[in-house]
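*Asks:* here is my input; please provide its structure:
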Amino acid sequence: MTTPTSSRRRRRAPTRIERAAGRAAALQRPRVILALLLLLALTCVMLLDGYLRAEVGGDQRVRSGADSSEVPDTILDGGPILTFRGGQATTVSVPAKTIALTFDDGPNPTWTPQVLEILRKYDVPGTFFLVGSMVSRYPGIVRTMVEQGNEVGVHTFTHVDLSYQSASRVDREMEQTQLALAGAAGITTTLFRAPYSSETDAIDDYSWPVYERLGKDGYTSVFVDTDSDDWKRPGVSDIVKWATPKGTRGASVLFHDAGGERSQTIAALPEYIEKMKAKGYTFTTISGVMERPRAADRQTAAGGTPAGLRLQAAHHRATGPTLYEGKALIAAVAVAEWTVPTLSVGLAIVGVAVLGRFGMMLVLARRHHRQRNRRRFGWGPAVTGPVSVVVPAYNEKECIANTLRSLARSTHPIEIIVVDDGSTDGTSRIARDAAESLGMTNVRVIRQENAGKPAALNNGVRNASYDIVVMMDGDTVFEPDTVRQLVQPFADPSVGAVAGNAKVGNRTTVIGAWQHIEYVMGFNLDRRMYDLLRCMPTIPGAIGAFRRDAVLAAGGMSEDTLAEDTDITIAMHRAGWRVVYQEHARAWTEAPGSLKQLWSQRYRWSYGTMQALWKHRKSLTDRGPSGRFGRVGMPLVVIFQVVTPLFAPLIDVFTVYSMIFVDFRAALLAWLAVLGVQLLCAAYAFRLDREKYRYLLMMPLQQLAYRQMMYLVLIHSCVTALTGGRLRWQKLKRTGEVGTPAEAG
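*Replies:* Numbers count the residues shown, from 1 in each chain. A predicted model of the protein is given here:
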């Protein structure tokens with residue numbers, strides 16, 4: 001039966017699909033850009049976190065034994081405080097019976113607060129030389145440190161030996177630390193202590209130009225003349241002894257509040273302060289030492305610290321861009337500090353889940369194969385009655401003749417209903433001509449106004465003459481035995497729908513080979529697992545069969561989602577029907593031949609699946625057999641088709657990051673191990689489907705290129721879902737090259 005076509009106008013108005021495609025194209029680019037920006041932002045967060053931990057841009061080199069012939073003797077033999085006031089290098093010594101208590105490498109969330117509490121208890125100020133990356137990670141500690149009256153100095157941002165660094169790197173280390181201080185405590189400082197420095201006599205010809213340069217920028221470089229060596233953890237008594245200056249000499253004393261386990265420092269510090277106070281020593285900051293000569297005329301008769309002395313003389317209030325940039329840095333680091341550990345935990349969970357899924361897939365797929373291929377296995381009495389085959393078609397002039405030619409060889413009695421959904425390329429005419437040339441009297445071509453694939457399928461189901469309806473795409477070809485194999489499960493009265501085994505016919509190209517691997521491993525291996533768990537999420541549009549009454553009772557193919565196949569499959573579950581997978585019913589379909597078409601197809605699949613899951617969210621609370629999908633299938637689909645794939649790009653980013661910045665060999669071995677597990681699963685899937693293994697040679701490249709695109713498609717779909725976008729049925733360009741079933745493999 002053929003419905004009349006309307007007369008053509010010279011200038012045809014755009015169809016619904018064409019209008020929807022135009023809107024989709026207008027919306028797609030911003031969403032793709034947003035998805036890429038999101039991935040870029042996460043990458044930047046990782047790089048920032050790695051920079052804070054000295055994994056990115058870290059430099060562990062420490063210079064020793066260099067010559068110091070270019071360093072003035074007055075500096076080498078001078079005091080521990082080096083200034084360049086007036087452009088002249090001078091040193092300042094700590095006055096007698098005075099201690100400038102300094103701490104390096106902080107702040108640390110464990111040890112620094114304990115040090116601050118001891119200093120507060122004994123009313124002793126300290127000068128803390130802070131690592132900028134640690135300041136940005138623990139700004140609250142620095143704020144408390146400054147408010148308590150302590151002084152802070154720069155100890156670089158990543159704790160590198162500046163004598164090895166370029167001038168720009170030196171500037172960056174200083175500026176970033178100043179920004180961190182500005183964001184944490186609202187101040188900047190003029191004090192500096194170089195990592196790995198000690199006394200002034202250790203200044204060499206490589207580090208001297210650095211001190212000179214920083215001195216011209218207004219920095220005061222601080223060294224030590226008395227070292228507690230607490231980092232060696234020699235014991236409390238030795239720390240106290242080594243930190244005590246000889247006689248009544250003043251000293252710039254070095255302790256550490258970070259950089260390792262500091263329990264001995266915490267135990268030694270009170271004992272040291274009490275000992276030095278008992279010897280008549282006073283404690284001050286580096287600024288206190290430098291201001292002492294200028295304030296000598298303000299000494300009180302009783303001695304001690306000048307009444308008007310500002311212990312924070314090295315501090316300057318941060319204002320303007322410095323303050324706001326500092327706050328932005330602290331905020332960015334806070335995001336990185338929260339995001340990266342959270343992602344690390346999430347990735348660990350995802351890794352365990354994915355490996356567990358691989359294991360479950362292998363076990364259940366093997367069980368499914370053995371069960372369905374036993375000699376005595378059967379669904380019941382053989383199904384021999386005729387069935388209806390519905391072929392929705394929109395502009396399928398390249399493929400429709402091949403589709404009908406394959407159905408003409410069917411070993412099972414069928415009627416064929418071709419529903420032309422407003423094609424403009426003569427699809428209906430080609431279908432009628434093909435049927436006539438093949439002598440097929442069982443073909444009906446129905447024309448309808450362009451309304452979309454669901455409407456075309458519903459039209460076909462309504463016009464079907466038989467109780468079992470097989471649905472296939474207009475670009476798909478069946479093997480002669482496909483329909484017979486596909487309908488046999490209906491011998492079981494509990495079966496409402498059957499999924500066939502979709503194969504990629506155009507697998508000779510790289511893109512086709514990648515999709516071939518995906519179909520065999522990702523789709524068909526999954527379907528075996530879902531079949532045994534009785535929660536099959538999708539019957540492929542390329543090959544599926546339904547009880548006609550069950551489809552009509554479910555309201556037919558819905559236009560509510562882009563994935564009408566997933567939608568109707570879930571609806572069948574909720575109606576209490578069993579959905580099974582028939583591996584021997586094979587269909588050969590033409591997969592997208594370009595990246596653009598592949599993106600369009602997978603975007604529709606991914607977004608449509610999300611729509612279907614949301615539509616059927618109440619299945620989570622359904623009781624009895626109708627709730628099985630909600631209890632088992634929906635969690636599995638959400639976890640393994642939405643959540644874990646979203647983490648997959650991060651796994652690759654972490655892998656690349658580890659290869660570049662951490663341990664290339666270990667990261668590469670880990671990646672190869674995961675690839676090995678996937679190859680094992682793929683090889684087993686190929687064995688079950690009797691495919692040739694040579695295509696697995698493409699799998700490493702698939703992991704590097706094809707999979708990344710699928711990640712972006714999923715992210716794009718999630719963005720579309722969050723922004724409330726909607727797309728219509730999208731037509732892919734076909735070549736008609738899948739003319740006959742390809743040889744297996």
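*Asks:* burial count for A673?
*Replies:* For A673, the count of nearby residues is 10 (other Cβ atoms under 10 Å). For the C-beta atoms, the positions are set from N, CA and C on the backbone; glycine is no exception.
*Asks:* also M659?
*Replies:* 16.
*Asks:* how much space between it and L679?
*Replies:* For M659, the distance to L679 (Cβ to Cβ, to the nearest Å) stands at 20 Å.
*Asks:* same question for V253.
*Replies:* 61 Å.
*Asks:* just L701 next, same as before
*Replies:* The spacing between L701 and L679, counted by Cβ to Cβ, is 13 Å.
*Asks:* please say which of V253 and L679 ends up with more neighbours.
*Replies:* When neighbours are counted by other Cβ under 10 Å, V253 comes out ahead of the other of V253 and L679, with 25 against 17.
*Asks:* not counting sequence-adjacent ones, nearest residue to that one?
*Replies:* Ranked by Cβ to Cβ, 6 or more residues apart in numbering and with sequence neighbours excluded, the top spatial neighbour of V253 is T226, at 4.7 Å.
*Asks:* hang on, isn't the one you found packed against P245?
*Replies:* Yes - T226 is in contact with P245 according to Cβ atoms under 8 Å; the separation is 5.2 Å.
*Asks:* which elements pack onto the helix or strand hosting R447?
*Replies:* Under the assignment given by DSSP states H and E, the secondary-structure element containing R447 is strand 443-448. Of the remaining helices and strands, those touching strand 443-448 by 3 or more Cβ pairs under 8 Å, 6 or more residues apart in numbering; DSSP states H and E are strand 414-421, helix 427-437, helix 453-463.
*Asks:* starting at the chain centroid, how far to stretch 275-290?
*Replies:* 53 Å (Cα atoms, centre = their mean, to the nearest Å).
*Asks:* can you tell me what sits against it?
*Replies:* By Cβ atoms under 8 Å, 6 or more residues apart in numbering, the residues outside stretch 275-290 that reach it are 81, 83, 92, 94-95, 97-102, 122, 124-127, 150-151, 153, 191, 220, 222, 240, 244, 248, 250, 252, 273, 292, 304-305, 309-314.
*Asks:* what residues sit buried inside it?
*Replies:* Residues of stretch 275-290 classed as buried by neighbour count (16 or more other Cβ atoms under 10 Å): M276, Y281, T282, F283, T284, T285, I286, S287, G288, V289, M290.
*Asks:* which one of the helices and strands packed on strand 443-448 lies closest to A167?
*Replies:* Of all the helices and strands packed on strand 443-448, helix 453-463 sits nearest to A167, with 64.8 Å by Cβ to Cβ.
*Asks:* who are the packing partners of the helix or strand following that closest one?
*Replies:* Downstream of helix 453-463, the first helix or strand assigned by DSSP H and E is strand 468-471. Under the contact criterion of 3+ Cβ pairs under 8 Å, 6+ apart, strand 468-471 touches strand 387-393, helix 453-463, helix 482-487, strand 544-547, helix 548-553.
*Asks:* figure out which of the ones you listed is closest to A612.
*Replies:* Taking Cβ to Cβ as the criterion, helix 453-463 is the member of these that comes nearest to A612, at 12.2 Å.
*Asks:* what are the buried residues along the closest one?
*Replies:* Within helix 453-463, the residues scored as buried using 16+ other Cβ under 10 Å are K453, P454, A455, A456, L457, N458, N459, G460, V461.
*Asks:* quick one: which of these is nearest S600?
*Replies:* Checking the buried residues of helix 453-463 one by one against S600 (Cβ to Cβ), the nearest turns out to be K453, at 14.3 Å.
*Asks:* doesn't M440 fall inside a strand?
*Replies:* No - the assignment for M440 (DSSP: H, G, I helix; E, B strand; the rest coil) gives coil, which keeps it out of a strand.
*Asks:* quick check: it touching A408?
*Replies:* Yes - judged on Cβ under 8 Å, M440 makes contact with A408 at a distance of 5.5 Å.
*Asks:* for the stretch 201-350 of the chain, which segments count as strands?
*Replies:* Chain-ordered strands for the stretch 201-350 of the chain, with DSSP state E, counting those that start in this stretch as the definition, fall at 220-222, 226-227, 251-256, 282-284, 315-317.
*Asks:* so which of the contacts of stretch 275-290 sit within helices?
*Replies:* Residues of those located in helices (DSSP state H): V240, I273.
*Asks:* now, of the contacts of stretch 275-290, which are buried?
*Replies:* Among the contacts of stretch 275-290, those that count as buried by neighbour count (16+ other Cβ under 10 Å) are 81, 83, 92, 94-95, 97-102, 124-127, 150-151, 153, 191, 220, 222, 240, 244, 250, 252, 273, 292, 305, 309, 311-314.
*Asks:* residue nearest the centroid of the chain?
*Replies:* For the chain, the residue whose C-alpha lies nearest the mean C-alpha position (Cα atoms, centre = their mean) is L650; its distance is 2.7 Å.
*Asks:* just the pLDDT for it.
*Replies:* According to the per-residue confidence, L650 scores 73 in pLDDT.
*Asks:* that one against S344, yeah?
*Replies:* No - assessed by Cβ under 8 Å, L650 is found out of contact with S344, at 9.4 Å.
*Asks:* is Y530 located within a helix, as I assumed?
*Replies:* Yes - the assignment for Y530 is a helix, going by three-state DSSP.
*Asks:* now for the residue nearest to V253: which residues touch it?
*Replies:* W242, A243, T244, P245, A251, S252, V253, L254.
*Asks:* separation between it and T98?
*Replies:* Between T226 and T98 the distance is 12 Å, computed by Cβ to Cβ.
*Asks:* can you list residues touching both of these two?
*Replies:* With contacts defined as Cβ under 8 Å, 6+ apart, the residues adjacent to both T226 and T98 are A251.
*Asks:* ok, V389 - contacts?
*Replies:* Residues in contact with V389 (Cβ under 8 Å, 6+ apart) are L407, I414, E415, I416, I417, V469, V470, M471, M472, V483.
*Asks:* excluding chain neighbours, what is closest to it?
*Replies:* Residue nearest to V389 in three dimensions, not counting chain neighbours: V470, with 4.5 Å by Cβ to Cβ, 6+ apart.
*Asks:* neighbours around the one you found, how many?
*Replies:* Residues contacting V470 under the criterion other Cβ under 10 Å number 29.
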